[in-house]
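In: Turn this into a model:
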Amino acid sequence: KPTDVNVNIGEPAKLQCQISASPAPTIVWLKDGQPLKPSDNVTPHTEPD
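Out: Coordinates of the predicted model:
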């Protein structure tokens, strides 16, 4: 179940989820209702099972 994450300004946050599905779904992380997009401050990472 999704949970909120609170982080102090300037501190890193690590968002994790574990999904088992075929085909693999697209994961979208939101901040204030808007999708987080890859940037200098946002780095998505996927690890195999």
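
In: The helix or strand of the chain with the lowest mean pLDDT: what's the following helix or strand?
Out: One helix or strand of the chain scores below all others by mean pLDDT, DSSP states H and E: strand 30-31, with a mean of 86. Remark: after strand 30-31, the chain's next helix or strand is strand 34-35, criterion DSSP states H and E.

In: List the neighbouring strands of that following strand plus their orientation.
Out: Strand 34-35 has the following strand partners under DSSP bridges: strand 30-31 (antiparallel).

In: Show me how far the strand it pairs with is from its chain's centre.
Out: Averaging C-alpha positions (C-alpha atoms, centre = their mean, to the nearest Å) puts strand 30-31 8 Å from its chain's average.

In: got it, and stretch 41-49?
Out: Put simply, stretch 41-49 sits 8 Å off its chain's centre (C-alpha atoms, centre = their mean).

In: can you offset everything so residue one is 734?
Out: OK, 734 is where the count begins now, so the last one is stretch 774-782.
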